[in-house]
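>>> Please work out how this folds:
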Amino acid sequence: MSKVRPTIGINGRALPILPPERDERVWAKLVRIMFYTPGFLAMLLLKAGEPEAFGISVELLMLSSAAAIVGGLYIGTQSSGAGADRSSQIGNWSGALVLELLAVVPLLCAIPALFHELAHSRLLHALAPGSVDITLGASELLPMVAILPFMLYQLAGFGTLHYIVPKPVNWAINIGIFCLIVASYVANRESAYGLEKRFASILVVAMAFTVFYGVLKLKQMQTTYDAQCPPKASK
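Now for the predicted structure:
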């Protein structure tokens, strides 16, 4: 059973609320999934040979795949034993932040447009003489449903961002994520590929800045925690 963390430091002030301890083995398995899946989808898009219609989907998928490796680097530094410093103490949390915002978010942004383009690709679905082109209709929105449990994951306190920024800011960031993903998808459907790339670029830049701030904030919180609640010497 894990010990209850102190909430008051030696100076009588409240200690920073750090994220809970997480099993790095689970996150390491997720790194493998997030590396291979978006990378395979990106190669599928390149194979189809319709770069204009796919818009920025290839770039988003490659970013998701590459970010998973970066997240794995952070997770690999996790240590809480002898010789652990403040950077290694937050390795798991930092890696989780990279995976959540720079791997999962770009993947969620790319999937709806990817499904639409693959479903209507004339290279992949050559029409036979006399065949009827059946539209998928509202069912094309089904891949976007994955955004909803991700929003719940973030807003219900499961995400690492929940411990870094105040609740109103967390809500604002996640609402912004949702709006930019929807705007990017609508632009793709309207063949406004310039707007789609602009929305997706804003999303990626915002996530990169959030990760940068989050990692530094986690290190600052860990530094404050260690200073006000020094670890007990081992017996």
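
>>> how about the helices in this structure?
Here the chain has its helices, by DSSP state H, at 24-48, 51-54, 57-76, 86-89, 91-98, 105-120, 147-155, 167-189, 193-228.

>>> Just the CA coordinates for the third one, please, in CSV.
It refers to helix 57-76. Extracted in CSV, the C-alpha atoms of helix 57-76 (Å, rounded to 0.1, in the frame of the first residue of the first chain):
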residue,chain,number,x,y,z
SER,A,57,-2.9,14.2,-42.0
VAL,A,58,0.5,12.6,-42.9
GLU,A,59,2.3,15.3,-41.0
LEU,A,60,0.1,14.8,-37.9
LEU,A,61,0.5,11.1,-38.0
MET,A,62,4.3,11.3,-38.3
LEU,A,63,4.3,13.8,-35.4
SER,A,64,2.3,11.4,-33.3
SER,A,65,4.7,8.6,-34.1
ALA,A,66,7.8,10.7,-33.4
ALA,A,67,6.4,12.2,-30.2
ALA,A,68,5.8,8.7,-28.8
ILE,A,69,9.5,8.1,-29.0
VAL,A,70,10.3,11.4,-27.2
GLY,A,71,7.7,10.4,-24.6
GLY,A,72,9.5,7.1,-24.2
LEU,A,73,12.8,8.9,-23.6
TYR,A,74,11.2,10.9,-20.7
ILE,A,75,9.6,7.7,-19.2
GLY,A,76,12.9,5.9,-19.4
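
>>> quick one: buried residues of it?
Judged by neighbour count (16 or more other Cβ atoms under 10 Å), helix 57-76 contains these buried residues: 57-68, 70-72, 74-75. (Each C-beta comes from the backbone N, C-alpha and C, glycine too.)

>>> can you tell me which of the helices of the chain comes nearest to residue 12?
Of all those, helix 193-228 sits nearest to residue 12, with 9.3 Å by Cβ to Cβ.

>>> What's the mean pLDDT across the closest one?
Taken as a whole, helix 193-228 has a mean pLDDT of 90.

>>> How far off centre is it?
Here helix 193-228 is found 11 Å from its chain centre; the criterion is Cα atoms, centre = their mean, to the nearest Å.

>>> Next, the angle helix 167-189 makes with it.
160 degrees (axes from the mean of the first three to the mean of the last three Cα atoms, to 10 degrees).

>>> Quick one: list the elements packing against helix 193-228.
Judged by 3 or more Cβ pairs under 8 Å, 6 or more residues apart in numbering; DSSP states H and E, the packing partners of helix 193-228 are helix 57-76, helix 86-89, helix 91-98, helix 105-120, helix 167-189.

>>> any chance of these in a markdown table, plus distance to residue 153 and mean pLDDT?
Listed next are the helices and strands packed on helix 193-228 as a markdown table, based on distance: least, Cβ to Cβ, whole Å; pLDDT from 0 to 100:
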| stretch | distance to residue 153 | mean pLDDT |
| --- | --- | --- |
| helix 57-76 | 16 | 88 |
| helix 86-89 | 24 | 80 |
| helix 91-98 | 11 | 90 |
| helix 105-120 | 11 | 80 |
| helix 167-189 | 10 | 92 |
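
>>> coming back round to it: give me whichever of the helices of the chain is most buried.
Across the helices of the chain, averaging neighbours per residue (mean count of other Cβ atoms under 10 Å) puts helix 91-98 on top, at a mean of 26.
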